[in-house]
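J.: Model the following, please.
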Amino acid sequence: MKLLSKVIIRIKHGFLPHFINELCKSGCAVKLIESIEVLQNAERFSVEVLYDAGEQFRSVIQKLKRHPENFSVESVSNLLENLLVGGMLEVSGKGKFENKADYEMMVQGAAGMIIDKIQMGESVEELSGMHYNVAMINVLHPTSEKAEASKYIVHALTEKDSVVLKRFSGLNGFPLLIRAHHPEDIIKILRSIEESFVLLRIFTIEGVCDASTVSYISSELHRPIVYREFDELPLLLLYTVIKIAKKKKMSYDDCNAGMIGLNLAAIRLTRLLKTLGFARVLGCDNDERLMMNVEKEGALATTQENIFSNSDIIFLFKNQFTVAELSRIRPGQVIISLIDDREVDEEIIASRGVKDYIPSEYFDLGCVFPGILMGMKNSGISAIQDQQLLKTANAMAEMKGENLFPDIFSEVHAVIERSFSS
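T.: Got it, this is the predicted structure:
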């Protein structure tokens, strides 16, 4: 992730190198610096700063403000804000019209032509957006404690995914937020809207933590349905395991996998790893329901200490471990983290000699879901079975490239799409 802000700052003569050094030490980078006014003892600059996280940028700005004799920060503006007013996603018609003649032909005429074809008994499937529209659905509880904050967070993330979907598949993503407590309520709402879409993509479904509920919801709907946590993330994790195993020449039947902090992705991944032939899959979570659900899929419920001590590949889904438990890792293990990078003590990992540590920043589902959705649309598959995920993960692992993860601008979308029909 890259962010860009513009800073107007007055810098005392001779302190410009110090200013640039402070930015660089904080992990920021100067994209553009321009002198806008020379004063008697200082100079005013307009500086565009690139950074990965807002916290690091705000920290260096606060540090500079503590030295007003050398630096005077006059204004700070995020250059993305003006662009994002109204959201990340823009919906507009294909037919552009600037005057009445354009309107009569490109809008009224276009709709009239489609209706005329229908009345004449002709097929208009390719002329209807319904066959290219994907519902990007978030399911939240009606009484969620952080309902308002959650609403805007999940909507921003689904808008982002809608932009990615359009760029790499041509499909139209429409973010939708629904509130429901029970699977029956979810099904009722989705049935009422599914006719407007060719596919349903569940971005998040608060409170669902077992595979049987996912299967039940899917079976009660007519449109194909894809789950971010139950289909897409397990695919990317499975691909990662296969790729690492090939590189390290690991034999599945000699490997133990451990999962700390469980969710739908961990439950699905358990089944997939057992199918690959892993000797054991270990799991632990503070929620007993999740422990029982992962046991149903073939995992052994255990402790964090046991997982760190006895697993060859460790998945960190939630931060449910102590520093002492993390310190039990050893050289040769592979650690795959899906939690905030700041929640993992990387110094401990380095001191224990673990070279294969993969932090969460590498797991970009933008490399996965456009190909999945196109593959499902073109193949007519209504739900993704385990064998399909295995097939797709192996196809991805055959892609050439030095990096562990495929670039979002690579052939990965086409490879995934083809795996559904080959």
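J.: Now S192: which helix or strand?
T.: helix 183-193 (DSSP states H and E).
J.: Go ahead and produce CSV holding the CA coordinates of the helix or strand that that helix is followed by.
T.: Using DSSP H and E, the next helix or strand after helix 183-193 towards the C-terminus is strand 199-205. Taking Å, rounded to 0.1, in the frame of the first residue of the first chain, the C-alpha atoms of strand 199-205 are listed here in CSV:
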residue,chain,number,x,y,z
LEU,A,199,-22.7,-13.9,-9.2
LEU,A,200,-22.8,-13.2,-5.5
ARG,A,201,-19.5,-12.6,-3.6
ILE,A,202,-19.7,-12.6,0.2
PHE,A,203,-16.9,-10.3,1.4
THR,A,204,-17.6,-10.8,5.0
ILE,A,205,-20.3,-12.7,7.0
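J.: Show me what strand 199-205 pairs with in its sheet, parallel or antiparallel.
T.: strand 133-140 (parallel), strand 225-227 (parallel) (DSSP bridges).
J.: Now do the longest one: everything it contacts.
T.: With CB atoms under 8 Å, 6 or more residues apart in numbering as the test, strand 133-140 has contacts from 147, 150-151, 154-155, 158, 161-162, 165, 171-180, 186, 190, 193-194, 196-206, 208, 373. Every C-beta, even on glycine, is put in place using the N, C-alpha and C of the backbone.
J.: May I see the buried residues of the next helix or strand after that strand?
T.: Going down the chain from strand 133-140, the next helix or strand is helix 147-169, by DSSP H and E. For helix 147-169, burial by neighbour count (16 or more other CB atoms under 10 Å) applies to 150, 154-155, 157-166, 168-169.
J.: Toward the C-terminus, what is the element adjacent to helix 147-169?
T.: Downstream of helix 147-169, the next assigned helix or strand under DSSP H and E is strand 172-179.
J.: returning to what we had before: write a PyMOL command that selects only the buried members of the contacts of strand 133-140.
T.: Entered in PyMOL, the line below selects the buried ones among the contacts of strand 133-140, by 16+ other CB under 10 Å:
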select buried, resi 150+154+155+158+161+162+165+171+172+173+174+175+176+177+178+179+180+186+190+194+197+198+199+200+201+202+203+204+205+208+373
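J.: Phi first, then psi, for G298.
T.: phi 110, psi 10 (degrees, to the nearest 10).
J.: Now do the contacts for it.
T.: Contact analysis of G298 by CB under 8 Å, 6+ apart lists 270-271, 274, 281.
J.: Ok, Y239 next?
T.: So Y239 contacts 392-393, 396-397 (CB under 8 Å, 6+ apart).
J.: can you do 10 Å?
T.: 367-368, 389, 392-397, 399, 404-406, 412, 416 (CB atoms under 10 Å, 6 or more residues apart in numbering).
J.: before we move on, the earlier item: turn the strands paired with strand 199-205 into a markdown table, including mean pLDDT and distance to S35.
T.: Listed next are these as a markdown table, based on pLDDT from 0 to 100; distance: least, CB to CB, whole Å:
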| stretch | mean pLDDT | distance to S35 |
| --- | --- | --- |
| strand 133-140 | 95 | 45 |
| strand 225-227 | 98 | 52 |
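J.: can you redo these as TSV with mean neighbour count?
T.: As requested, the strands paired with strand 199-205 are exported to TSV (neighbours: other CB atoms under 10 Å):
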stretch	mean neighbour count
strand 133-140	23
strand 225-227	24
